[in-house]
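Peer 1: quick check, what structure comes out for this input:
(3 chains)
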Amino acid sequence: MIRLGLCCKFKDEPIRFRTTTATYLLRISRDEACAKLSALCLANTQALRQAIEYCAAHGIGSFRINSQILPVKTHPQAGYDIANLPDGDAICAGFLAAGERAREQGVRLTFHPDQFVLLNSPRPEVTERAIADLAYQAAVADWVGADVVNIHGGGVYGDKPSALARLVATIQALPAAIRALLTLENDDRSYTPTDLLPVCRQTGIPLVYDAHHHRCLPDGLSTAEATVAALTTWDREPLCHISSPKHGWDGPDPRPHHEFIDCADIPAGWRDLDLTVEVEAKAKEAAIAGLRATLLRDRWKLWEAK
DNA sequence: AGCGGTCAAGTTGAT
DNA sequence: ATCAACTTGACCGCT
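Peer 2: Numbers count the residues shown, from 1 in each chain, chains lettered A, B, ... in the order given. All right, here's what the predicted structure looks like:
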């Protein structure tokens, strides 16, 4: 059974996550900043609840939660603790309630911290901030029952073996609560599945296999071989990513994502697996609706809510 | 209401 | 040196 996943936001459906900026928060008083943050965070718990309901009702079995669900959470000056916000209790309750609904309906929840979260930088302050961000997202993940916090391998810094060794060492030293949710994903610049699989085996971290990235940065493995190898790293339902190139595979740059998914880009070998496929397409829920229709026409077995 | 400028953060590679 | 890409344009403040 294939579980299609929506990433972070909606195109047409009026479900919106709110955010703000550190610059603005630092210009107003701390009380005003806390009031604003409190309202945004509370609104985001409600948007998350709506997102889960929408997914369950539309055959979308997984939802990726935006890193800014708690805006500016770990900023050195503008950051905050939920407990210190006026609606702190309601925000916690909102996350727990959203998680409960996700569990009831069988909707999987994931996180994908952004490009600044690097576990192998030679600069210790970069890695420290990355771990702080992972800690925050892992904590919210626990509240809502998300089982994946997915990041990339990071930079190469002119020496890939050293960078990979730092990655392994940092992962091994992570708090258990983060390590239990952490996954690594092949990217389209630096780290292929072949680069990351040894890291995953050494650390017990699953590999999120991104077929689009793999085609942009190949390593000699076929998509079928990489899929099989990635599956062996999982102790939960495996997670893969799919997208189609905006300008086609023969265009100037295959990396930017298309509005929709071309079914021909989905590895045929995925058909009979139990797998979450996060759909990275600009048209969001509209892209999933189109993909679902095509796959159902072709008799793929797709997830449905309980 | 509309619109232009701004936004915390890292790294890479194309131009 | 600048910029786009990466999981995502949203929001503030002025007109």
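Peer 1: residues of chain A that sit close to DNA strand B?
Peer 2: For chain A, the contact set with DNA strand B under Cβ under 7 Å from any atom of the strand comprises A:21-24, A:67-68, A:72-76, A:78-79, A:114-116, A:118, A:121-123, A:126, A:129, A:133, A:154-158, A:189-190, A:252. Placement of C-beta: from N, CA and C, glycine included.
Peer 1: just the buried residues of those.
Peer 2: Neighbour-count burial (16 or more other Cβ atoms under 10 Å) applied to the residues of chain A next to DNA strand B gives A:67-68, A:72-74, A:78, A:118, A:121, A:126, A:129, A:133, A:154-156, A:190.
Peer 1: neighbours of A:Gln77, how many?
Peer 2: 8 (other Cβ atoms under 10 Å).
Peer 1: closest to A:Leu217 among the buried ones among the residues of chain A next to DNA strand B?
Peer 2: A:Ser190 (7.7 Å; Cβ to Cβ).
Peer 1: quick check: the closest one vs A:Asn120, distance?
Peer 2: Here the criterion is Cβ to Cβ, to the nearest Å. By it, A:Ser190 lies 10 Å from A:Asn120.
Peer 1: shared neighbours of the two, anything?
Peer 2: Here A:Ser190 and A:Asn120 have A:Gly153, A:Gly154, A:Gly155 as joint contacts, going by Cβ atoms under 8 Å, 6 or more residues apart in numbering.
Peer 1: relative to DNA strand B, which of these is nearest.
Peer 2: Nearest to DNA strand B out of the shared contacts of A:Ser190 and A:Asn120 is A:Gly155 (Cβ to the nearest atom of the strand; 2.6 Å).
Peer 1: does the closest one sit in a helix, a strand or a coil?
Peer 2: Three-state call for A:Gly155 (DSSP: H, G, I helix; E, B strand; the rest coil): coil.
Peer 1: confidence score at A:Cys240?
Peer 2: Model confidence at A:Cys240, given as pLDDT, is 96.
Peer 1: part of a strand, is it?
Peer 2: Yes - judged by three-state DSSP, A:Cys240 forms part of a strand.
Peer 1: is it true that it touches A:His212?
Peer 2: No - with contact defined as Cβ atoms under 8 Å, A:Cys240 does not reach A:His212; the gap is 10.1 Å.
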